[in-house]
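A.B. asks: Return a 3D structure for these sequence lines:
(2 chains)
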Amino acid sequence: VMLPPMAIITSILPSEMSLPILYNFYTSSCSFRVRIVLNLKKLPYKYVPVDIIKARQQTEEEFTAKNPNQKVPTLHIHGMDISESKVICDYLDRTFPQPPLYPAEPVLNVRTHEVCEYVNSSIQPLQNVAVLRKVKKEGDLDPVKWAQFFIRKGLTAISSRIRPHRGEFTIGDQITMADAFLFPQLGHARNRFEIDVDKEFPDLAEIERVLSQDPDFIAAMPKNQPDFPKA
Amino acid sequence: IIKATIITSILQSEMSLPILYNFYTSSCSFRVRIVLNLKKLPYKYVPVDIIKARQQTEDEFTAKNPNQKVPTLHIHGMDISESKVICDYLDRTFPQPPLYPAEPVLNVRTHEVCEYVNSSIQPLQNVAVLRKVKKEGDLDPVKWAQFFIRKGLTAISSRIRPHRGEFTIGDQITMADAFLFPQLGHARNRFEIDVDKEFPDLAEIERVLSQDPDFIAAMPKNQPDFPKA
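C.D. replies: All right, here's what the predicted structure looks like:
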């Protein structure tokens, strides 16, 4: 297992007291986005796992005080707790401007934000753990089919939206926030929801291949996190 | 009262107006209408009937927004989709009045409230999802929506508690008000939630905002595509 270079996870040293703390979960795609951004910005952080599946630690009082929406990720930084991955990522991008994760050119800037929001509000909320539990338990529906519907719709929209703007990456030839949001979603599409990304979205699969070679993305992958289950 | 909308014949001066493709009852569209009004920006209102005619699936509209949703704003030569993206573009491009506080914690909290609505509440109670839960899951769409709305409003209520003033965050109108107000309207009118009883703090903010001319002008009942009696 490759240890993430930017996370310090063991005993609390005085120098760690001022590190940002990321409450997250290895398999959470929203957490994955923030891990990517922290790595791209070369920001060390303390990794605190919150088991949202088995132990449902997100419902505990201490965590709810940090994020009343009871979700990961939550980032403790500069004396405050920030919830919502888009809010966290944008805060990091504004506060640590290098490298910039939004293009300066207005249309590309807007398209980058759009891709993030297509993932953040059109796709992921419809396939997160809580919703899938509900559709299965109350509606007796196949959660995989449910998720596939929304993922396909969203990825189709993204594919179309970025077509005029694609370069080596989602938007142009630099890594942007769109890559940080799209890459984890593609991982879920493949690994959790049985979507043949190579066949159905070859353009997105191409971007995914490039990003999967990037050290900042690799270090953020679920399999490289401290709470990834040991074999 | 329809302030800042020009809906009739296409005049020369209208050729350069922003065009808002939206629907009177869409809460996401309502957010953008509020912001356009707060920024004193006139615009052309083009209704897209997302319920009966399902116009959002037509080719011409899909070209503007491949996600087939309202609102979509045509401005400065481009089509912008996603209400948070539109609203933030407007706030950056037309800085007065500023809709995000300068102070970092308040700035973050304002964005958080918007995202709680934008990604935790509304997507779980929009028209397409409710159709699906009813048709495929045989579930009561109102109960489904109530679950997510209550959870989200509870989170918002808690998050803003240290920061509330006359408005959601502090004593100036912010983007949080533009996102919260339409959601409270849906909670009451479509999903039978007694906001006054369950969320009295939010109901208080709602009362104040319901007196604001920019919010009034953006209300569903004041839009050109609101069904005539």
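
A.B. asks: Tell me if residue A:82 really is in a helix.
C.D. replies: No. Counting by DSSP: H, G, I helix; E, B strand; the rest coil, residue A:82 is not found in a helix; it is strand.

A.B. asks: what about it, distance to residue A:208?
C.D. replies: According to C-beta to C-beta, to the nearest Å, residue A:82 stands 27 Å off from residue A:208. For the C-beta atoms, the positions are set from N, CA and C on the backbone; glycine is no exception.

A.B. asks: Between these two, which has more neighbouring residues?
C.D. replies: A count of neighbours by other C-beta atoms under 10 Å in any protein chain shown puts residue A:82 above the other of residue A:82 and residue A:208, at 27 against 22.

A.B. asks: ok, residues contacting stretch A:91-104?
C.D. replies: With C-beta atoms under 8 Å, 6 or more residues apart in numbering or on different chains as the test, stretch A:91-104 has contacts from A:34, A:37-38, A:40-41, A:43, A:75, A:77-78, A:82, A:89, A:109, A:112-113, A:171-172, A:174-177, A:180, B:108, B:111.

A.B. asks: Any chance of a PyMOL selection covering the buried ones in these?
C.D. replies: If you want just the buried ones from the contacts of stretch A:91-104 in PyMOL, going by 16 or more other C-beta atoms under 10 Å in any protein chain shown, the selection is:
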select buried, (chain A and resi 34+37+38+40+41+43+75+77+82+89+109+112+113+171+172+175+176+177+180) or (chain B and resi 108+111)
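
A.B. asks: how about the residue of chain A found nearest chain B, what does it touch?
C.D. replies: Nearest residue of chain A to chain B, counting by C-beta to the nearest C-beta: residue A:139, 2.5 Å away. Contacts for residue A:139 (C-beta under 8 Å, 6+ apart) come out as B:133, B:136, B:137, B:138, B:139.

A.B. asks: That one: what secondary structure?
C.D. replies: coil.

A.B. asks: Show the model's pLDDT score for it.
C.D. replies: The model reports residue A:139 with a pLDDT of 91.

A.B. asks: Quick check on it: phi, psi?
C.D. replies: Main-chain dihedrals, residue A:139, degrees, to the nearest 10: phi -100, psi -10.

A.B. asks: cool, and residue A:77?
C.D. replies: Taking degrees, to the nearest 10, you get phi -150, psi 140 for the backbone angles of residue A:77.

A.B. asks: what sits against it?
C.D. replies: A:20, A:21, A:91.

A.B. asks: Looking at the residues you listed, which are in strands?
C.D. replies: Among these, the members falling in strands (DSSP state E) are residue A:21.

A.B. asks: With pLDDT as extra columns, can I get the contacts of residue A:77 in a markdown table?
C.D. replies: Shown next, in a markdown table, are the contacts of residue A:77 (pLDDT from 0 to 100):
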| residue | pLDDT |
| --- | --- |
| A:20 | 97 |
| A:21 | 96 |
| A:91 | 98 |
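
A.B. asks: Spatially nearest residue to residue A:28, not counting backbone neighbours?
C.D. replies: residue A:72 (5.1 Å; C-beta to C-beta, 6 or more residues apart in numbering or on different chains).

A.B. asks: confidence score at that neighbour?
C.D. replies: 89.

A.B. asks: Could you look up the SS state of it?
C.D. replies: Residue A:72 ends up coil, using three-state DSSP.

A.B. asks: Over to the one 3 residues further on?
C.D. replies: Local secondary structure at residue A:75 is given as strand here, using three-state DSSP.

A.B. asks: give me the beta-bridge partners of it?
C.D. replies: residue A:22, residue A:82 (DSSP bridges).

A.B. asks: Give me the phi and psi for residue A:204.
C.D. replies: phi -70, psi -40.

A.B. asks: per-residue pLDDT, it?
C.D. replies: For residue A:204, pLDDT reads 98.

A.B. asks: next one: residue A:11
C.D. replies: Per-residue pLDDT puts residue A:11 at 45.

A.B. asks: wait, doesn't the residue nearest to residue A:28 sit right on residue A:31?
C.D. replies: Yes. Residue A:72 lies in contact with residue A:31 (C-beta atoms under 8 Å); the separation is 5.1 Å.

A.B. asks: what touches both of the two?
C.D. replies: By C-beta under 8 Å, 6+ apart, the residues touching both residue A:72 and residue A:31 are A:24, A:25.

A.B. asks: tell me the helices in chain A, going along the chain?
C.D. replies: A:29-40, A:61-66, A:85-95, A:106-117, A:129-137, A:143-162, A:177-191, A:197-200, A:202-211, A:215-220 (DSSP state H).

A.B. asks: ok, now which ones touch the residue nearest the centre of chain A?
C.D. replies: Geometric centre of chain A, nearest residue: residue A:33, 2.5 Å, by C-alpha atoms, centre = their mean. By C-beta under 8 Å, 6+ apart, residue A:33 lies in contact with A:73, A:85, A:89, A:180, A:181, A:184.

A.B. asks: mind running it again at 7 Å?
C.D. replies: A:85, A:89, A:180, A:181, A:184 (C-beta atoms under 7 Å, 6 or more residues apart in numbering or on different chains).

A.B. asks: which one is the second one nearest to, not counting chain neighbours?
C.D. replies: For residue A:89, ignoring the flanking residues on the chain, the nearest one in space by C-beta to C-beta, 6+ apart is residue A:37 at 4.8 Å.

A.B. asks: Correct me if wrong: the one you found contacts residue A:86.
C.D. replies: No. Using C-beta atoms under 7 Å, residue A:37 makes no contact with residue A:86, being 10.5 Å away.

A.B. asks: Low-confidence bits of chain A, can you list those?
C.D. replies: Along chain A, segments meeting pLDDT under 70 span A:1-17.

A.B. asks: So which residues on it come close to chain B?
C.D. replies: A:68-69, A:80, A:82-84, A:86-87, A:91, A:107, A:110, A:113-114, A:117-118, A:120-122, A:125-126, A:131, A:135, A:138-141, A:157, A:160-161 (C-beta under 7 Å from any C-beta of the partner chain).

A.B. asks: In contact with residue A:201, which residues?
C.D. replies: A:155, A:159.

A.B. asks: tell me the contacts of residue A:48?
C.D. replies: With C-beta under 7 Å, 6+ apart, residue A:48 has these contacts: A:21, A:22, A:23.

A.B. asks: what do you get for residue A:198?
C.D. replies: Contacts of residue A:198 (C-beta under 7 Å, 6+ apart): residue A:205.

A.B. asks: my read: residue A:82 touches residue A:75, true?
C.D. replies: Yes. Between residue A:82 and residue A:75 there is a contact under C-beta under 7 Å: 4.9 Å.

A.B. asks: Report the separation between the two terminal residues of stretch A:205-223.
C.D. replies: Chord length of stretch A:205-223, first to last residue, is 20 Å (C-alpha to C-alpha, to the nearest Å).

A.B. asks: got the contact list for that stretch?
C.D. replies: With C-beta under 7 Å, 6+ apart as the criterion, stretch A:205-223 contacts A:4-6, A:26-27, A:32, A:35-36, A:39-40, A:168-170, A:179, A:182-183, A:186, A:197-198, A:224, A:228.
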